[in-house]
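S.K.: here is a sequence with its predicted model. Questions after.
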Amino acid sequence: MPRVPLEITRRDLLKSGLAAGAAGLVGTNGLRGAPAMAAGPDEDAWYRQGEIRTTYNVCDMCPWHCGVVVHSVDGVVHKIDGNPHDPKSRGMLCPRGQAGVSFLYDPDRLRAPMVRTGERGEGRFQEVEWDFALDLIAQKLNQIKERSGQESVAIFGHTAGDSWWAEHFAQAWGTPNAAKPSSSLCISPREEASLLTFGTPVGGHEPLDWAELECLTLIGSHIGEDSRNTVMQDFAGLHGRGGTIIVVDPRFSSAATKADHWLPIKPGTDTALLLAWIHVLITEELYDAAYLDRWATGFDQLAEHVRDMTPEWAAEITDLPAEAIRDTARAMAEHAPRAVIMPGRHVTWYGNDTQRMRAVFIVNALLGAYGRHGGMYFNQAPYIQDVPHPPYAVAGSAGGCAAEPGDDDELGELPTGPTGKARADGARETFLQGPTAMQELIDPMITGDPYRIEALICYGVNLLHSVPDPERTKEALRNLELFVAIDVLPQEHIAWADIVLPESTYLERYDELFTMAHRTPYIHLREPAIEPLYDTKPGWWMAKELGERVGLENFFRWDDLEEYLTTRLRSVGSDLDDLRDRRGVIVQEGRPFLEDFEGSSPFATPSGKIELYAQSLANAGLDPLPVYEPVEDPPEGYFRLLYGRHPVHTFAKTQNTPVLSEAFSENELWLNDEVAVELGVADGERVMLENQDGATSGPIKVKATPRIRHDAVFMAHGFGSDAPELTRAHGRGASDTKLQTRYALDPICGGAGLRVNFVRITLEA
Ligand code: MGD
Ligand code: MGD
């Protein structure tokens, strides 16, 4: 029996290199760089205990998905490094990535399938056999389908592996009600804005040509706290070589500390700033006229639109000096086309977000940055074929970070979702276009309007932490006929499930290939480093077993994932052994720059050009050019609730990971230090928060700091878990989600703007 280090301590991880990682990125130097070696020979070191087995994987500790190399000895994983052959990680890994070992051996993990025995929310379960759990789910699903139609089943998915559920199973089963939080609660405004402007989405890997970039502007994007491995490497590279950095953030973020210009904007007013930048670029003739002439349409309408949107106009709105607005526009133009406003990632802020992102892209276009060296390259998905299956019953509607082209041309009958879904003619019931909005599927579970969603399969979504207004979500869960949760940890929503299916972690399973749209499109392998712990199973296995029980066996015409992967890999002249020989990754050639498109256009819009003026928005009765819409100010005594990332944690899923919890166990409330004095609150004091609707969260420790404006507070997302089974995360810090009882709906993409909530501070009872 292999020795399983159930409790990995900081000391153990010092041996494996993680503690070094906590101070920054850690390079892959084979195993020679491990600190224990540097300190001298260690006879007990894990790498002397047996033959080291090396496997290839894709990190699932955050959605950036770095390619990794996993080292195990005698069935125990000890160390994870960045894969030097992976275009994304480039051999480096962040502390969260290295903490995958600790995540794997978290003693609080779900261990066996369970069926609810108590009331929903009580968290009382009985362990059952897999066959029993799957038969029960299949029986319920078939009953619901017969009674109410397959669209009465919703499927939510996130984390790597979600394609088996929110895409393949959902489309085969025939529900348009499949959604990912990484869409309407994250990137959908920028993907829609990019589609409207350039005809293609941004994709999962933001395509900045960092190596030649000279000037970077960040609107919100808090690189350093948003600690995606490669983005931090690239940002450090730009800073190190003296590149110009402009940061627009109400908070003096980590990125702002490295900036040449910090614009502490009044929250919610960025579109006014962007319009004023466009005004300066046009009126001072700082735009790339030849580039726009060749590649863009709508310049004259744009120039007319921003004629009066002067820096002075924007200064009133944004609380920024007009001169600073002019200076920063000129700084960008000075470096054009090697100047870019980063597309951002979590961009669902105030409800008018697609328009704000259109304004971002228009600035980039005026700078001539698309398809230019030092600007934004054109990324491309790798070529690989799917495993053949019958036509799907519905088109893909879930969206996500790295959407791949689907098989939507082979559709059968299309049931319609309550929130509408993409159709060939672009018409939707609610939104112009874009994937199904997760938060909009909650109400139909409660009200039955326009029809009742009766069942929910939730794969890898932290339902009560990722979707706003968790009390509303609980009400929805109470109403369901069937709630199946597939997870690795006993997160808060697990207590509400009828049936819990425990998944093996990414280190214990094969999974779908990672096909990343990139400058050099690539395919990466995920293979198990060890056998699944406990009575857990991979998500693909569950999807196949359930599919076979509900009549979808033709969608799973393969015996296991090795066969499935081999079939796909053959279409690119490879197989599993070959992929391992290639160190887990196949890199293809892309067409990143304009010069690679001789005689054709890289812009897939109806006009084949960058559409500064969006005719499709005009056709739908929406603003074809971005318009600034004022947001409500906080009421007297309240602050706008801002939130973001903490470098050591990912969303709400790593707070229980032993080494990460040890490094940072509870979030803090950033409060302006002068305001703290006025309120009589001391730095480090614990307070409670109450929002405009009376929802409360806390206690949370105050960080009194001059680094935030007077009108806002800030906290890292993901804390304040109410799940007692998460022994390290339970009751630590405050949950931003609990304080987000409302959101502003983006009419174009269905995104949920979460920064429209206000909180007041009360002393801890
Ligand atoms: P944002 O919400 O854009 O998130 O990371 P980002 O895309 O960077 O940025 C939050 C910043 O916006 C904060 O600094 C906040 O002060 C500022 N802000 C708030 N309101 C306003 C405003 O009105 N205007 C302006 N200009 N700024 C404002 C999210 C990204 O992080 C995502 S989506 C993922 S999937 C990854 N998740 C993740 C993680 O979970 N953990 C870590 N450590 N890193 C991560 N990186 C990624
Ligand atoms: P996580 O907390 O990472 O966030 O939304 P989620 O992806 O829901 O939850 C991941 C879930 O997957 C957890 O329940 C975890 O235990 C489980 N899990 C981990 N590994 C596996 C696995 O291998 N298999 C299975 N089956 N489950 C696994 C993120 C989403 O949240 C995003 S992308 C953004 S940008 C938004 N951010 C955000 C915010 O900043 N604040 C608030 N209030 N809401 C937000 N919602 C959005």
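M.R.: It's in. Ligands and ions are numbered 1, 2, ... in the order given.

S.K.: for the rest of this, base every contact and every neighbour count on C-alpha atoms.
M.R.: Noted.

S.K.: the stretch 601-750 of the chain: strands as residue ranges?
M.R.: In the stretch 601-750 of the chain, the strands defined using DSSP state E, counting those that start in this stretch lie at 610-611, 639-644, 668-672, 686-691, 696-705, 712-716, 744-745.

S.K.: please apply the same query to the stretch 301-450 of the chain.
M.R.: 339-341.

S.K.: list the contacts for whatever residue of it ends up closest to ligand 2?
M.R.: Proximity of the stretch 301-450 of the chain to ligand 2 (C-alpha to the nearest ligand atom) peaks at residue 346, 4.7 Å away. By C-alpha atoms under 8 Å, 6 or more residues apart in numbering, the contact set of residue 346 is 185-187, 221.

S.K.: report the buried members of the residues you listed.
M.R.: Buried by 16 or more other C-alpha atoms under 10 Å: 185-187, 221, out of the contacts of residue 346.

S.K.: out of those, who's near ligand 2?
M.R.: 185-186 (C-alpha under 6 Å from any ligand atom).

S.K.: now tabulate the buried ones among the contacts of residue 346 in JSON lines and tack on secondary structure.
M.R.: Below are the buried ones among the contacts of residue 346 laid out as JSON lines (DSSP: H, G, I helix; E, B strand; the rest coil):
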{"residue": "185", "secondary structure": "helix"}
{"residue": "186", "secondary structure": "helix"}
{"residue": "187", "secondary structure": "helix"}
{"residue": "221", "secondary structure": "coil"}
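
S.K.: what is the neighbour count of the residue nearest to residue 181 when sequence neighbours are not counted?
M.R.: Excluding the flanking residues, the one nearest residue 181 by C-alpha to C-alpha, 6 or more residues apart in numbering is residue 438, at 6.3 Å. Per other C-alpha atoms under 10 Å, the neighbour tally for residue 438 reads 27.

S.K.: what of residue 120?
M.R.: 18.

S.K.: likewise for residue 285?
M.R.: Residues near residue 285, counting by other C-alpha under 10 Å, number 11.

S.K.: residue 276 versus that one, what's the distance?
M.R.: From residue 285 over to residue 276 the distance is 14 Å, taken as C-alpha to C-alpha, to the nearest Å.

S.K.: domains of the protein?
M.R.: Domain assignment for the chain by automatic domain parsing gives 114-186+393-587, 205-378, 639-763.

S.K.: hmm, back to that, pLDDT added to the contacts of residue 346, as TSV?
M.R.: As requested, these are arranged in TSV below (pLDDT from 0 to 100):
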residue	pLDDT
185	96
186	96
187	95
221	97
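
S.K.: residue 133: which of the residues you listed is nearest?
M.R.: Checking these against residue 133 by C-alpha to C-alpha gives residue 185 as the nearest, at 31.0 Å.

S.K.: list the residues that contact that closest one.
M.R.: Neighbouring residues of residue 185 by C-alpha under 8 Å, 6+ apart: 346, 348, 438, 466-467, 751-753.

S.K.: circling back: got a pLDDT number for the residue of the stretch 301-450 of the chain closest to ligand 2?
M.R.: On the pLDDT scale, residue 346 is placed at 98.

S.K.: and the one 4 residues further on, by the same measure?
M.R.: Taken from the predicted model, the pLDDT recorded for residue 350 is 98.

S.K.: that older thread, wait, which of the buried ones among the contacts of residue 346 is closest to residue 447?
M.R.: After measuring those against residue 447 - C-alpha to C-alpha - the closest member comes out as residue 185, at 21.9 Å.

S.K.: that closest one and ligand 1: what is the separation?
M.R.: Noted for residue 185: a distance of 9 Å to ligand 1, by C-alpha to the nearest ligand atom, to the nearest Å.
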